[in-house]
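Peer 1: Sharing a sequence plus its predicted fold:
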Amino acid sequence: MIESCYWKEELHRIGKVLLAVSKPPRWSERRYCVLQRELAVGFFILRRLIELHKVSSATRDATLSVFFCEKRGKDVTHLNKHEIWELYDLEQEVATTKKPSYIANQFIHSYTSLISRDESRNWSDVYIVSDYDRNDCIWRVPIAEVRRIFAIAADDYPHSIKMTFNPAKKDFKVETN
């Protein structure tokens with residue numbers, strides 16, 4: 001059992017790192033790598049809180065507005081995975097929604113990723129794909145959606161739990177609110 005407040009404090013801290021600022025620091029490899037780490041840790045925390053039922057079912061079932069870009073045809077390998085412009089059709093992205101656990105898995109099992117900045121030089125989007133999805137599509141996840149779901153989970157302290165035994169799964173279905 002974990003005491004979720006410490007994990008949720010970290011989600012709040014990571015959310016603050018993602019905030020847009022009026023004068024963003026210059027790009028550096030170090031800043032980029034630190035942000036990649038923060039995103040991976042944040043999504044690991046989010047998935048862990050969901051799996052341990054330390055957030056409500058509403059957070060678990062929330063949706064993120066994301067975009068997918070289909071693969072152009074060439075197989076994605078370790079040798080070419082950084083060439084996302086050639087591998088995926090970024091001009092023809094499709095808007096969709098995904099649950100937090102699905103997007104968390106993209107970050108946790110990331111095969112390749114690219115964090116982009118907007119014209120103000122603030123981080124704007126993450127192009128990410130897991131090893132499982134790499135030969136189908138790549139996902140564009142807006143940083144604003146990441147901040148939003150981290151804030152929702154960090155402020156979510158369920159006050160009740162309902163457990164119903166499912167004999168087919170030989171385990172309980174857990175609902176929290």
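Peer 2: Done, it's in.
Peer 1: what separates the helix ranked longest in the chain from the chain centre, distance-wise?
Peer 2: Longest helix in the chain, counting residues (DSSP state H): helix 29-51. Here helix 29-51 is found 8 Å from its chain centre; the criterion is C-alpha atoms, centre = their mean, to the nearest Å.
Peer 1: immediately after it, which helix or strand?
Peer 2: Note on helix 29-51: by DSSP states H and E, the next helix or strand toward the C-terminus is helix 57-60.
Peer 1: Which is the succeeding secondary structure element to that next one?
Peer 2: Of the helices and strands lying after helix 57-60 in sequence (DSSP H and E), the nearest is strand 64-70.
Peer 1: Just the residues contacting that following strand, thanks.
Peer 2: Applying C-beta atoms under 8 Å, 6 or more residues apart in numbering, the contact partners of strand 64-70 are 88-90, 92-100, 103, 127, 136-142, 145, 148-149. C-beta: built from backbone N, CA, C; applies to glycine.
Peer 1: Mind listing the strands it pairs with, and their directions?
Peer 2: strand 94-98 (antiparallel), strand 137-142 (antiparallel) (DSSP bridges).
Peer 1: nearest to Ile161, of the ones you listed?
Peer 2: In terms of C-beta to C-beta, the element of these nearest to Ile161 is strand 94-98, at 25.2 Å.
Peer 1: what angle do the helix or strand that comes right after that closest one and strand 64-70 make?
Peer 2: Counting by DSSP H and E, the next helix or strand C-terminal to strand 94-98 is helix 100-108. Here helix 100-108 points in a direction 50 degrees away from that of strand 64-70 (axes from the mean of the first three to the mean of the last three C-alpha atoms, to 10 degrees).
Peer 1: Centre of the chain to helix 100-108, how far?
Peer 2: Taking C-alpha atoms, centre = their mean, one finds the center of helix 100-108 at 5 Å from the center of the full chain.
Peer 1: Which strands and helices lie in contact with the next helix-or-strand element following it?
Peer 2: Per DSSP H and E, the first helix or strand lying C-terminal to helix 100-108 is strand 110-117. Contact partners of strand 110-117 among helices and strands, from 3 or more C-beta pairs under 8 Å, 6 or more residues apart in numbering; DSSP states H and E: helix 29-51, strand 123-130.
Peer 1: wait, what's in contact with Ile108?
Peer 2: By C-beta under 8 Å, 6+ apart, Ile108 lies in contact with 40, 43-44, 47, 130.
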